[in-house]
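>>> test case, fold it:
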Amino acid sequence: MRRTAGDSVRLFNGRDGDWRAVIRETAKRGARLEVLTLLRPQAPEPDLWLLLSIIKREAMEWAVEKATELGASAILPVITQRSQPSRPNPERLRAIATEAAEQCERLTVPVIHAPQALDAVLRQWPNARPLFAAIERAETAPPPPQTGSASALLIGPEGGFHPRELDAMRRLPFLVAASLGPRILRAETAAIVGLALLQRP
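Below is the predicted model:
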């Protein structure tokens, strides 16, 4: 917004790589740019979704920022029985994700979905995409690396999933309970740890 004609900028659209361009003309509602040089070709990125129960606004925004930096391709705020009563603003979360992508020089921005009830999301879940659910105090293994595979991570609310939710999840063929370690983590921390574990070499 502070740039003027003659300034150099970098452009990306999530498909064609990272380009250097020059602003040729500015106006109140837009600008005309000349695209000059390919700086970096588009590289494959993980097909990794994050389902995060709605938590406090500041923590939710922080989690979206960090999930973007870690390469999540989609972020789905979900409503669970113990979710915070507030509803995140998808437009604000998209702006945070866009700024985070620019900051870490990522060439795509994750899709930010509108909040939905967890059971509604699970009813229409694609069976071919494994969903690793971080379950507190579960005697299970960490999620295995998913490099190059479509997968997803489910993080519950502060206080954990309700027992009825856990019972329902255990019946789903695509859902895998996973442990994030011996400590009880805050939801936003668990999201980052889980995304990192799924992408480890």
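
>>> per-domain residue ranges of the protein.
8-40, 48-198 (automatic domain parsing).

>>> and Pro46, how far from Glu69?
As defined by Cβ to Cβ, to the nearest Å, Pro46 lies at a distance of 12 Å from Glu69. From N, CA and C alone the C-beta is placed, and that goes for glycine too.

>>> and for Pro88?
From Pro88 to Glu69 the distance is 18 Å (Cβ to Cβ).

>>> between those two, which one's more packed in?
Pro88 (20 against 16; other Cβ atoms under 10 Å).

>>> pairing partners for the helix or strand of the chain with the lowest mean pLDDT, with directions?
One helix or strand of the chain scores below all others by mean pLDDT, DSSP states H and E: strand 8-12, with a mean of 84. Looking at strand 8-12 with DSSP bridges, its partner strands are strand 18-27 (antiparallel).

>>> what would stretch 186-201 look like as CSV? C-alpha coordinates only.
Extracted as CSV, the C-alpha positions of stretch 186-201 are listed here (Å, rounded to 0.1, in the frame of the first residue of the first chain):
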residue,chain,number,x,y,z
ARG,A,186,-2.6,-26.2,25.2
ALA,A,187,-4.7,-26.6,22.1
GLU,A,188,-2.7,-24.1,20.1
THR,A,189,0.6,-25.7,21.1
ALA,A,190,-0.8,-29.2,20.3
ALA,A,191,-1.7,-28.0,16.8
ILE,A,192,1.9,-26.9,16.1
VAL,A,193,3.4,-30.1,17.6
GLY,A,194,1.0,-32.3,15.6
LEU,A,195,1.7,-30.6,12.3
ALA,A,196,5.5,-30.9,12.9
LEU,A,197,5.2,-34.6,13.8
LEU,A,198,3.2,-35.3,10.7
GLN,A,199,5.8,-33.7,8.5
ARG,A,200,9.0,-35.1,10.1
PRO,A,201,11.4,-36.9,7.8
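
>>> so what's the gap between that stretch and the chain middle?
Centroid displacement of stretch 186-201 relative to its chain, using Cα atoms, centre = their mean, to the nearest Å, is 11 Å.

>>> please point out which parts of it sit buried.
187-195, 197-199 (16 or more other Cβ atoms under 10 Å).

>>> report the rounded mean pLDDT for that stretch.
Stretch 186-201 comes out with an average pLDDT of 95.

>>> ditto for stretch 158-169
On average, stretch 158-169 scores 94.

>>> low pLDDT regions in this structure?
Within the chain, the stretches falling below the threshold (pLDDT under 70) are 1.

>>> what segments of it are helices?
57-69, 90-103, 118-123, 163-170, 187-198 (DSSP state H).

>>> and the ones you listed, which is most packed in?
Per residue and on average, the most neighbours among the helices of the chain fall to helix 187-198, with a mean of 22 (mean count of other Cβ atoms under 10 Å).

>>> for Glu25, name its beta-bridge partners.
Counting by DSSP bridges, the residues bridging with Glu25 are Arg32.

>>> thought it was touching Ala5?
Yes: taking contacts as Cβ atoms under 8 Å, Glu25 lies within contact range of Ala5: 5.9 Å.
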